[in-house]
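**Q** predicted coordinates and the sequence they were generated for:
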Amino acid sequence: MRGTVLNDASRVINGERQDAYGNPEDSFVRIAALWSWWLSQKGSGIIVSRDVAMMMALMKIAREANGHKADNIVDACGYLALYNDIVEGTEYEKPVHEAVSEDLPGVRQADWMDEWAEQIERKMPGGKV
């Protein structure tokens, strides 16, 4: 039946998720504030894999502000551990332009992506985008 996924999503976001995390708009404001703070601190507008790990942890922290849920803490710790692995070099932080060409089969990397990656690599510490 058409719309089954939408009906399921409506039930989840208007039921258990709203009960667990509160009003989505309020949660999004907290998440946006934390993400904006993180991006303002890093000094570069380019988001790399370590930023995603940190921002996912911050999302879980923002959700926790609505009320304690152990899942938030466990997930935040997991994301922070992954962040640490990337920063400490135990996990490879793949440059964005490599990820586009290797991890998305069938997606042709545009010429602008090569040019963009080269410019960013010159500006980024360690030369990785």
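**A** Alright, I've got the coordinates. Numbering: from 1, shown residues only.

**Q** can you pull out the low-pLDDT segments for this protein?
**A** When residues are selected by pLDDT under 70, those of the chain lie in 1, 92, 94-129.

**Q** all helices for it, in order.
**A** 4-13, 16-21, 24-42, 49-64, 70-88, 96-103, 111-123 (DSSP state H).

**Q** please save the CA atoms from the shortest one in PDB.
**A** Only the C-alpha atoms of helix 16-21 are listed here, as PDB (Å, rounded to 0.1, in the frame of the first residue of the first chain):
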ATOM      1  CA  GLU A  16       7.400   7.800  20.800                       C
ATOM      2  CA  ARG A  17      10.100  10.200  19.500                       C
ATOM      3  CA  GLN A  18       8.200  13.200  20.600                       C
ATOM      4  CA  ASP A  19       7.700  11.600  24.000                       C
ATOM      5  CA  ALA A  20      11.400  10.800  24.200                       C
ATOM      6  CA  TYR A  21      12.900  14.000  22.700                       C
END
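
**Q** which other helices and strands contact that helix?
**A** Helices and strands touching helix 16-21, by 3 or more CB pairs under 8 Å, 6 or more residues apart in numbering; DSSP states H and E, are helix 24-42. Placement of C-beta: from N, CA and C, glycine included.

**Q** what packs against the helix it packs on?
**A** Helix 24-42 sits against helix 16-21, helix 49-64, with contacts defined as 3+ CB pairs under 8 Å, 6+ apart.
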